[in-house]
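Peer 1: Got a predicted structure plus its sequence, pasted below:
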Amino acid sequence: MNPADRGAPLFSFSGFGTLGGVHSSDDRADFTNSMFKPNGAGYTHSWSNDVDTLIAGQVAATFTPKLSAVLQVISEQSYNNTYTPQVEWANINYQFTPDLSVRAGRTVLPCFFLSENRNVGYTYTWVRPPVEVYHLVPVTTNDGVDVSYRSHLGDLANTMQANAGADTAHLADNAGTAKARHTWGLSDTTELGAFTARLTYEYTNLTLSALDSFFAEFQKFGLQGAAIANRYGADHKPNRFFDIGAGYDPGAWFLMTEWASSQNNSFVTQTSAWDMGGGYRLGKLTPYVLYARTKADKLSDPGLNVSSVPAVLAERALGLNAELNSILSTNPVQSTDSVGTRWDFERNCDLKLQLDHTRLGAGSSGTFINIQPGFRLGGTVNLFSAAVDFVW
Amino acid sequence: MLVIGLALSLAIHTAVADVVAVVSAKSAVSTLSKVQLADIFLGRVSRFPDGAKAVPVDQAEDAPARAEFYFKLIGRSAPQMKAYWSKIIFTGRGQPPEEVHGGSDMKKRIAADPAAIGYIEESLVDDSVKVVSRVQE
């Protein structure tokens, strides 16, 4: 398996990409697929190429049979609306035994089933991993160490992965940074023939800087203001993430499902999500269906008790309450039914077409961004997506 | 639906002659189950059940024997295998098996290396290699 073992090239170059376009039925908000993107389909663009389009290159180096390294650079729409290349993976891997490896450097956190390969559309069936589930964690990479141990019991293969580190990500729309500190986690994958099951726990100490000055305003309102700032502020708040998933893929068809929960005592609150999907392979065509939903537990708050604040500050208190509720309404409650098909029309290329019907929960703007006046909280939105994925 | 099904079954049944998994005649391995074989070719294990090192070798991507082998072994088409390896490559977890051009190159490669394991059409089998699995569906 090991290239250096057999005298093959020391370096292997490869890459992947997606060209995608999305149209939304609602022009008063943008649909996009991550909180790192500043705009998308709907309000900013009738057809957006920024949601799914990306290109990436990778070099993998094998120095000795035990020592290897990987560097992957990806260009996609980033928080500042440029396509400046970003380093997605950059680590050195030491293979102590065929079953035990340690990586140091940048890896992608294995939070969800498709987290590590979410950018490589060619490796899965849908146009993109469902946003309902995959928006739950505002950091995707981890700078630190990662240990992986594989064991075998009869026909059963088990992989335990443990990671620790930190990360800072830029969020879109001047939302500042998401700083993850003291991150650690465990992920366990069991494979038995066509069956795969996966469990993940990740802990991090999360700071979202965007609303620091907003919550500082509450401090001017005595104890009740301090209580609100403490409840919803996102300064060094523990974030606990749990995910369980399973998939069955005997070849001709497949089913997969996962459930995830993220607990955070800040304005992000506690959110759980799940998805379930499957497809049937008819030669080069794979028609599929997918259902996903997410539910945040806090969409509104009474805020400051205005009758107990000095009259001169009452207007300011009402303003802060309105803003707090506007922030909480961006916590997503939504579900989406998707139907689509993947067509493996050419070697190393696929074309995917997908229709999404999204229902927003009462009082929620869901995962949509750039909400404009007239956008209906609790409404429905339809999306049409087309994407071509390729690998080389 | 019927037409598609018919076309599919034709595509499958007009495939090449039987493909068998082979190791060098010098190898101590005598037989492998389909699961053991799949684990080696999917990169899940790097050793034979007796603990000896196992080096899987693939035929070229467009070789009919390759499509036949993976379809019979785990019911996967060429794009599905490409997707499987793309996931491993682009998460920095490894590289796919080395490739040789076709059946006769494969036989030479396997015969010369007791660690190597590959697959060839049954008609190519001679005493330089040993069949360890018939890879029946």
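Peer 2: Noted; the coordinates are in hand. Numbering: from 1, shown residues only, chains lettered A, B, ... in the order given.

Peer 1: residue boundaries of the strands in the stretch 251-392 of chain A?
Peer 2: A:253-264, A:271-280, A:285-296, A:333-346, A:349-360, A:380-391 (DSSP state E, counting those that start in this stretch).

Peer 1: Columns mean neighbour count and distance to A:Ala229 on top of the ones you listed, output as TSV?
Peer 2: No exception for glycine: its C-beta is placed from N, CA and C like everyone else's. Shown next, in TSV, are these (neighbours: other CB atoms under 10 Å in any protein chain shown; distance: least, CB to CB, whole Å):
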stretch	mean neighbour count	distance to A:Ala229
strand A:253-264	19	15
strand A:271-280	20	21
strand A:285-296	20	20
strand A:333-346	19	24
strand A:349-360	19	28
strand A:380-391	20	33
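
Peer 1: Just send those strands back as TSV, with mean pLDDT and distance to A:Ala41 too.
Peer 2: TSV is the format used below for those (pLDDT from 0 to 100; distance: least, CB to CB, whole Å):
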stretch	mean pLDDT	distance to A:Ala41
strand A:253-264	96	25
strand A:271-280	97	21
strand A:285-296	97	18
strand A:333-346	97	14
strand A:349-360	98	11
strand A:380-391	98	7
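
Peer 1: what about residue 25, how many residues close to it?
Peer 2: The chain I'm using is chain A. For A:Ser25, the neighbour count with other CB atoms under 10 Å in any protein chain shown is 15.

Peer 1: oops, chain B please
Peer 2: 13.

Peer 1: How about A:Gly193?
Peer 2: 15.

Peer 1: pretty sure it is touching A:Asp155, no?
Peer 2: Yes - between A:Gly193 and A:Asp155 there is a contact at 6.6 Å, judged by CB atoms under 8 Å.

Peer 1: roughly how far apart are B:Ala83 and A:Ser385?
Peer 2: Separation of B:Ala83 from A:Ser385 (CB to CB, to the nearest Å): 19 Å.

Peer 1: B:Val29 is in contact with B:Lys53, isn't it?
Peer 2: No - applying CB under 8 Å as the test, B:Val29 and B:Lys53 come out as separate, 11.0 Å apart.

Peer 1: who has more neighbours, those two?
Peer 2: B:Val29 (18 against 13).

Peer 1: show me the contacts for B:Ser133.
Peer 2: B:20-21, B:31-34, B:37 (CB atoms under 8 Å, 6 or more residues apart in numbering or on different chains).

Peer 1: From B:Trp85, how far out is it?
Peer 2: Distance from B:Ser133 to B:Trp85, by CB to CB: 21 Å.

Peer 1: near chain B, anything from the helix or strand encompassing A:Phe16?
Peer 2: Taking DSSP states H and E as the definition, one finds A:Phe16 inside strand A:11-24. Yes - with CB under 8 Å from any CB of the partner chain as the criterion, chain B is reached by strand A:11-24 at A:12, A:14, A:16.

Peer 1: do the same with stretch A:113-132
Peer 2: Yes - on the criterion CB under 8 Å from any CB, stretch A:113-132 is in touch with chain B at A:116-117, A:119-120, A:122-124.

Peer 1: And those residues, which two are furthest apart?
Peer 2: Greatest spatial distance in those: A:Glu116 and A:Tyr122, 14.0 Å, computed using CB to CB.

Peer 1: Where does chain B get nearest to chain A, residue-wise?
Peer 2: In chain B, the residue that lies nearest chain A is B:Gly75 (2.6 Å; CB to the nearest CB).

Peer 1: Who are the contact partners of the residue nearest to that residue when sequence neighbours are not counted?
Peer 2: Distances taken as CB to CB, 6 or more residues apart in numbering or on different chains put A:Gly251 closest to B:Gly75, at 2.6 Å, once the chain neighbours are dropped. Contact analysis of A:Gly251 by CB under 8 Å, 6+ apart lists A:194, A:281, B:71, B:74-77, B:80.

Peer 1: Include secondary structure and distance to A:Leu223 when you put the residues you listed into a markdown table, please.
Peer 2: Below are the contacts of A:Gly251 laid out as a markdown table (DSSP: H, G, I helix; E, B strand; the rest coil; distance: CB to CB, whole Å):
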| residue | secondary structure | distance to A:Leu223 |
| --- | --- | --- |
| A:Ala194 | coil | 58 |
| A:Arg281 | coil | 62 |
| B:Phe71 | helix | 69 |
| B:Ile74 | helix | 64 |
| B:Gly75 | coil | 65 |
| B:Arg76 | coil | 63 |
| B:Ser77 | coil | 65 |
| B:Gln80 | helix | 61 |
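
Peer 1: mind putting those residues in CSV, pLDDT, distance to A:Asn91 and neighbour count included?
Peer 2: Listed next are these as CSV, based on pLDDT from 0 to 100; distance: CB to CB, whole Å; neighbours: other CB atoms under 10 Å in any protein chain shown:
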residue, pLDDT, distance to A:Asn91, neighbour count
A:Ala194, 89, 30, 13
A:Arg281, 95, 34, 23
B:Phe71, 93, 35, 20
B:Ile74, 90, 29, 21
B:Gly75, 90, 33, 16
B:Arg76, 91, 29, 23
B:Ser77, 92, 32, 17
B:Gln80, 94, 28, 19
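
Peer 1: Let's have these in a markdown table, adding distance to B:Pro96.
Peer 2: Shown next, in a markdown table, are the contacts of A:Gly251 (distance: CB to CB, whole Å):
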| residue | distance to B:Pro96 |
| --- | --- |
| A:Ala194 | 20 |
| A:Arg281 | 21 |
| B:Phe71 | 17 |
| B:Ile74 | 15 |
| B:Gly75 | 18 |
| B:Arg76 | 13 |
| B:Ser77 | 16 |
| B:Gln80 | 13 |
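
Peer 1: SS state for the nearest residue to A:Phe11 once chain neighbours are set aside?
Peer 2: In this structure, A:Phe11 finds its nearest non-sequential neighbour in A:Ala61, 5.2 Å apart by CB to CB, 6+ apart. Following DSSP: H, G, I helix; E, B strand; the rest coil, we place A:Ala61 in the strand state.

Peer 1: Would you mind confirming that A:Ala61 is in contact with A:Ala90?
Peer 2: No - assessed by CB under 8 Å, A:Ala61 is found out of contact with A:Ala90, at 11.5 Å.

Peer 1: Identify the contacts common to those two.
Peer 2: A:Val70.

Peer 1: Please give me every residue in contact with the residue nearest to A:Phe11.
Peer 2: So A:Ala61 contacts A:10-11, A:68-70 (CB under 8 Å, 6+ apart).

Peer 1: now the helices for the chain?
Peer 2: Picked chain A for this. A:131-134, A:212-218, A:222-232, A:314-328 (DSSP state H).

Peer 1: Chain B is the one I meant
Peer 2: Going by DSSP H, chain B shows helices at B:2-13, B:34-41, B:64-74, B:78-89, B:103-111.

Peer 1: possible to save those helices as TSV with distance to A:Gln334?
Peer 2: Below are those laid out as TSV (distance: least, CB to CB, whole Å):
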stretch	distance to A:Gln334
helix B:2-13	35
helix B:34-41	39
helix B:64-74	37
helix B:78-89	28
helix B:103-111	52
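
Peer 1: for the stretch 101-250 of chain A, which spans come out with low pLDDT?
Peer 2: Within the stretch 101-250 of chain A, no stretch has pLDDT under 70.

Peer 1: residues in it within reach of chain B, list them.
Peer 2: Close to chain B, as judged by CB under 8 Å from any CB, the stretch 101-250 of chain A has residues A:103, A:107-108, A:116-117, A:119-120, A:122-124, A:150, A:152, A:155, A:157, A:191, A:193-194, A:250.

Peer 1: And for residue 76, nearest residue in space, chain neighbours not counted?
Peer 2: I went with chain A, as the question did not name one. A:Leu54 (3.6 Å).

Peer 1: Chain B was what I was after
Peer 2: Nearest one to B:Arg76, counting by CB to CB, 6+ apart, is B:Tyr70 at 5.0 Å.

Peer 1: Would you tell me which one of the helices of chain A is buried the most?
Peer 2: Sort those by mean neighbour count, taking mean count of other CB atoms under 10 Å in any protein chain shown, and helix A:131-134 sits at the top with a mean of 25.
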